[in-house]
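Novice: Task: produce atomic coordinates for the following.
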Amino acid sequence: MDSLTLLLLLTGSAFAAPAGVSSTTGPDETTVTLSAAGDIRLDGPIAAIARRGGPGAPSRAIKGELAADIVFANLETPVTTRGDKTPKTWNFRARPADLKIPRAAGVRVLNIANNHVWDYGERGFLDTLSALKRGHWTFVGGGMNRREAEAVRVFKVRGLAVGIVGLTSTHPEAAWAGPRKPGVAYSDFDRIPGIVRRAKKKCDVLIVSFHGGTELAEYPNDIQKAVAHAALRSGADLFLGHHPHVLQPIEIYQGKPIVYSLGNFLFVSPSTATRSEAIVRVELGRGGVKRLTFVPLDGNWGRPKPASAAVAAQARAALDRLGAFEQRPDLLVFDAPQSAGKPSPDKTPRGP
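Specialist: Numbers count the residues shown, from 1 in each chain. Next up, the predicted model:
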């Protein structure tokens, strides 16, 4: 045995994985992958692109980047042709056939705890539940009562049980589920610990999806931070946020990752600030989250595509406003195109 081998044997225990990351112990270590993207709006420009080019047209350029054992996104559209329009600035509504759009992208799990699923009232929400069930979708964050809305969905992949819970802090309050009332899972601070603890008992790894925050804000607000911290303290392994429509920074809290906002996905917003998007590919094991790889996208007016160097640099800057990449290079990876750190003039044409 040479001196180098002896030194490695004597000091091997010093290289244990940091808190919140499971070490890879060998070829038998179970790894399950999850890809998560941001907001999906199925009507408007996205539906128009799909009508012209088929349901796979909006996601064609990035379907490979999204591929994983579990593919998850936020459905920000009720699926209904009925109901009374809720008084608000923006109301969305899609046809059941439009659910082929996220399915063509490879999405299999949808969060419905958000501020648009009630855009056409209870009738529209109930139609949405029916459409998702008829389409054999797995969804989180909503149901016929509060118990259903708060329930964890568990995916068993290669012996690993991965759970997902959906919550929201957004209005309208009429959309919040009650003991005997259909609706979405409201992030009541008194209930979060119990929701998370009950869910974690049913799975090896738990992800909390949260819809909340301030639209177009660069940083998470106090409610986002409080919900995220409460969820991780109660046993969640990963917190994934959406609603601001822009990328927000990653935080490491008690050794666990918080992604406050993944921005848009299949969604066209009027603000150019929403152009920079990201998919996060998560590697999961029995010890929790092993690695997160962020893949920057250009929203491209409803046809997301791999980001140019300039757009990728914007995405990395937004995600790293709290310095998480430097803090945890063992846990966080940014999958940048070459020269992403050196922004160059972007000449991408506007329009679908």
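Novice: Check whether Lys133 sits in a helix, strand or coil.
Specialist: helix (DSSP: H, G, I helix; E, B strand; the rest coil).
Novice: how about the closest residue to Val227 other than its chain neighbours, phi and psi?
Specialist: Nearest residue to Val227 in three dimensions, chain neighbours excluded: Ser187, at 5.1 Å (CB to CB, 6 or more residues apart in numbering). Where you see a C-beta, it was placed from the backbone N, CA and C, and this is true even at glycine. Here the main-chain torsion angles of Ser187 (degrees, to the nearest 10) amount to phi -80, psi 60.
Novice: Next, the contact list for Ser187, please.
Specialist: 167-169, 210, 212, 227 (CB atoms under 8 Å, 6 or more residues apart in numbering).
Novice: Just the closest of these to Ile62, please.
Specialist: Phe210 (23.5 Å; CB to CB).
Novice: burial of that closest one, as a residue count?
Specialist: Residues near Phe210, counting by other CB atoms under 10 Å, number 33.
Novice: Just list the residues touching it, thanks.
Specialist: Contacts of Phe210 by CB under 8 Å, 6+ apart are 113, 166-169, 187, 224, 227-228, 231, 239-242.
Novice: Quick one: low-confidence residue ranges for the stretch 1-150 of the chain.
Specialist: Residue ranges of the stretch 1-150 of the chain with pLDDT under 70: 1-28.
Novice: And the residue nearest to Val227, how close does it get to His116?
Specialist: 17 Å (CB to CB, to the nearest Å).
Novice: Report pLDDT for Ala336.
Specialist: With respect to pLDDT, Ala336 scores 88.
Novice: Repeat that for Gly341.
Specialist: 42.
Novice: Quick check: closest non-adjacent residue to Arg103.
Specialist: Pro55 (7.2 Å).
Novice: ok, now Asn114?
Specialist: His211 (4.2 Å).
Novice: now the helices: where do they sit in the stretch 201-350 of the chain?
Specialist: Along the stretch 201-350 of the chain, the segments classed as helices by DSSP state H, counting those that start in this stretch run 222-233, 309-319, 324-327.
Novice: which of those sits most buried?
Specialist: Among the helices of the stretch 201-350 of the chain, helix 309-319 has the highest mean neighbour count (mean count of other CB atoms under 10 Å), at a mean of 22.
Novice: what's the spacing between the residue nearest to Val227 and Pro58?
Specialist: Computed as CB to CB, the Ser187 to Pro58 distance reads 30 Å.
Novice: got it, and Leu332?
Specialist: 28 Å.
Novice: The residue nearest to Asn114 bridge partners, please.
Specialist: Thr168, His242 (DSSP bridges).
Novice: From the rest of the structure, what touches stretch 90-104?
Specialist: By CB under 8 Å, 6+ apart, stretch 90-104 touches 40-44, 46-47, 50, 54-56, 58-59, 63, 73, 75-81, 83, 85, 110, 116, 119-120, 124, 131-132, 134-135, 137, 266.
Novice: now it, how far from the chain's geometric center?
Specialist: 18 Å (CA atoms, centre = their mean, to the nearest Å).
Novice: what's near enough to touch Leu319?
Specialist: 247-250, 259, 278, 294, 325, 334.
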